[in-house]
Structures are given as C-alpha cells and as structure tokens.
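Chemist: Give me coordinates for this.
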Amino acid sequence: MDTDTRPSGAADAGPSPFCHQYGGRAATALPVQSVARNSGPDVLLYACAPCREEYGLTPLRGMVV
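Modeler: Sure, this is the predicted structure:
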C-alpha cells in the first residue's frame, strides 16, 4: 500500500496534506471546507497557503491538523 496517498477527507492528514485547489501535496494545506455526505463522516477539503490567499479561503476554525 502506498502510504504517501491520503484519501480525501482522511482524519489524519499526515505531514504533507493534499491541496484540493491545485490537486497536489502542500505542507501548508489546511482544511477550508467540510462537505456533508449522505452516509459516513464529512469530507474535509484542504487548500495550501498560496491557494488560500489567491482565492480568499479561510481555514476552518477548530480544525487542528
């Protein structure tokens, strides 16, 4: 199993989370949106610092990664 691949919405983002804005790994990625699903836990979407600045995204409060 490839341990570098983190499925979207995983509880433990690891040392280098995935930026959903540009589609790649980013050490500065923080959760910016929680998407509800019909079943199972919500999915967290992450954005890196440059994407948060460019798109005006704010990290979710209380989400420590």
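
Chemist: Excluding chain neighbours, what is closest to the residue nearest the centre of the chain?
Modeler: What sits nearest the mean C-alpha location of the chain, by C-alpha atoms, centre = their mean, is Tyr46, with 2.3 Å. Among residues not flanking Tyr46 along the chain, Ala29 sits closest, at 4.1 Å (C-beta to C-beta, 6 or more residues apart in numbering). Placement of C-beta: from N, CA and C, glycine included.

Chemist: and the residue nearest to the centre of the chain, what does it touch?
Modeler: Ala13, Pro17, Phe18, Cys19, His20, Ala26, Ala29, Leu30, Pro31, Val32 (C-beta atoms under 8 Å, 6 or more residues apart in numbering).

Chemist: can you rerun that using 6 Å?
Modeler: Pro17, Phe18, Cys19, His20, Ala29, Pro31 (C-beta atoms under 6 Å, 6 or more residues apart in numbering).

Chemist: Using TSV, please lay out those residues together with neighbour count and distance to Pro50.
Modeler: Output for those, formatted as TSV (neighbours: other C-beta atoms under 10 Å; distance: C-beta to C-beta, whole Å):
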residue	neighbour count	distance to Pro50
Pro17	22	14
Phe18	22	14
Cys19	23	9
His20	21	13
Ala29	25	10
Pro31	21	16
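
Chemist: Which strand or helix spans the residue nearest to the centre of the chain?
Modeler: strand 43-47 (DSSP states H and E).

Chemist: quick one on the thing from earlier: can you tell me which of the contacts of Tyr46 is closest to Leu60?
Modeler: Sorting those by distance to Leu60 puts Pro31 at the head of the list, at 4.8 Å, by C-beta to C-beta.

Chemist: can you give me how far the next helix or strand after the strand holding Tyr46 is from the chain middle?
Modeler: Using DSSP H and E, the next helix or strand after strand 43-47 towards the C-terminus is helix 49-55. Mean-position distance between helix 49-55 and its chain equals 13 Å (C-alpha atoms, centre = their mean, to the nearest Å).

Chemist: for stretch 52-65, same thing?
Modeler: 9 Å.

Chemist: mind checking how far Asp42 is from Pro59?
Modeler: 16 Å (C-beta to C-beta, to the nearest Å).
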